[in-house]
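Visitor: Return a 3D structure for these sequence lines:
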Amino acid sequence: MLKIENLHAEIDGTEILKGLTLTVNAGEVHAIMGPNGAGKSTLGYVLGGRPGYEVTAGSVTFGEVDLLDLAPHERAAAGLFLGFQYPVEIPGVSNVQFLRESLNAQRANRDEKPLSGGEFLKLARAEAAKLDMDAEMLKRPVNVGFSGGEKKRNEMVQMGIIQPRLAILDETDSGLDIDALRIVGDGINRIMREPTKAVILITHYQRLLDYVEPDFVHVLADGRITRTGGKELAHELEAQGYGAVAA
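Guide: Got it, this is the predicted structure:
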């Protein structure tokens, strides 16, 4: 589904990714762990097409298309979803409006009819209920006044509505208490654990992996993947730290 080969990327002239190679097949969950400044968030931003991140070498293939040739909205239409470490607030735009426009743009890309207001509200309320999110929050401006945990649940609602092929989740566990972590983990499994989908979990800690079991754990250090293993590698990192394990 996703093939990254020898990816180099920089921001403001500083190289962050230095030859990263990774293959993600449909049906797989990949966890990427590493110290601060290793390039984890940069990888997510480059795949999502965030402005300011310049790819200087390498290639990224998503399905049959060159991902790097697509604009950010085209990447989303192709089925890529990027969950942010710090979800942004969008004053003046309600969750319902934002999510309905997002979903109908996806449906238009697939030559499907847009959902009516009533059809969409039924879908949105059902997804919110599955994540223990008050349906009234759907009426509020996107993430405005939300706690950290509420913002992450809101992203899971977005993901459940949009149903992407590939989800790249950047520190989704950040700011979550134990109950919220379980709910978000269950949401990831429910939405994305399918043979036609895949997940890249970017995280510092193995605690999310207690709820979303990865097929592979990768250590990203100094802009490249230095080790790959199973879930036991995450426990090794937790016990010994990145300095002892990353090389």
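
Visitor: show me what contacts residue 200?
Guide: Going by Cβ atoms under 8 Å, 6 or more residues apart in numbering, residue 200 touches 2, 24, 30-32, 44, 166-169. Every residue, glycine included, has its C-beta placed from N, CA and C.

Visitor: closest to residue 60 among those?
Guide: residue 2 (7.3 Å; Cβ to Cβ).

Visitor: in which helix or strand would I find residue 4?
Guide: Element membership for residue 4, per DSSP states H and E: strand 2-11.

Visitor: what packs against that strand?
Guide: In terms of contacts (3 or more Cβ pairs under 8 Å, 6 or more residues apart in numbering; DSSP states H and E), strand 2-11 is packed against strand 14-24, helix 40-48, strand 53-62.

Visitor: now the angle from the longest one to helix 40-48?
Guide: With axes from the mean of the first three to the mean of the last three Cα atoms, to 10 degrees as the basis, strand 14-24 and helix 40-48 are set at 70 degrees to each other.

Visitor: Strand 14-24 pairs with which strands?
Guide: According to DSSP bridges, strand 14-24 forms sheet pairs with strand 2-11 (antiparallel).

Visitor: buried sites along the partner strand?
Guide: For strand 2-11, burial by neighbour count (16 or more other Cβ atoms under 10 Å) applies to 2, 4, 7-10.

Visitor: Go through these and name the one nearest residue 86.
Guide: residue 9 (20.1 Å).

Visitor: measure the closest residue to that closest one other than its chain neighbours to residue 148 for me?
Guide: Nearest non-adjacent residue to residue 9, counting by Cβ to Cβ, 6 or more residues apart in numbering: residue 17, 4.2 Å away. With the distance defined as Cβ to Cβ, to the nearest Å, residue 17 ends up 27 Å from residue 148.

Visitor: same check, this time on residue 186
Guide: 18 Å.

Visitor: Equivalent analysis for residue 195, please.
Guide: 32 Å.

Visitor: ok, these two, which is more surrounded?
Guide: The neighbour comparison of residue 195 against residue 148 (other Cβ atoms under 10 Å) goes to residue 148, with 14 against 8.

Visitor: What about residue 14, how many residues nearby?
Guide: Summarising burial for residue 14: neighbours were counted as other Cβ under 10 Å, giving 6.

Visitor: Just the buried residues of the contacts of residue 200.
Guide: Here, 16+ other Cβ under 10 Å leaves 2, 24, 30-32, 44, 166-169 buried among those.

Visitor: a markdown table for the residues you listed, including distance to residue 137 and pLDDT?
Guide: Output for these, formatted as a markdown table (distance: Cβ to Cβ, whole Å; pLDDT from 0 to 100):
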| residue | distance to residue 137 | pLDDT |
| --- | --- | --- |
| 2 | 32 | 97 |
| 24 | 32 | 97 |
| 30 | 31 | 97 |
| 31 | 29 | 95 |
| 32 | 30 | 95 |
| 44 | 25 | 94 |
| 166 | 26 | 96 |
| 167 | 21 | 96 |
| 168 | 24 | 96 |
| 169 | 20 | 94 |
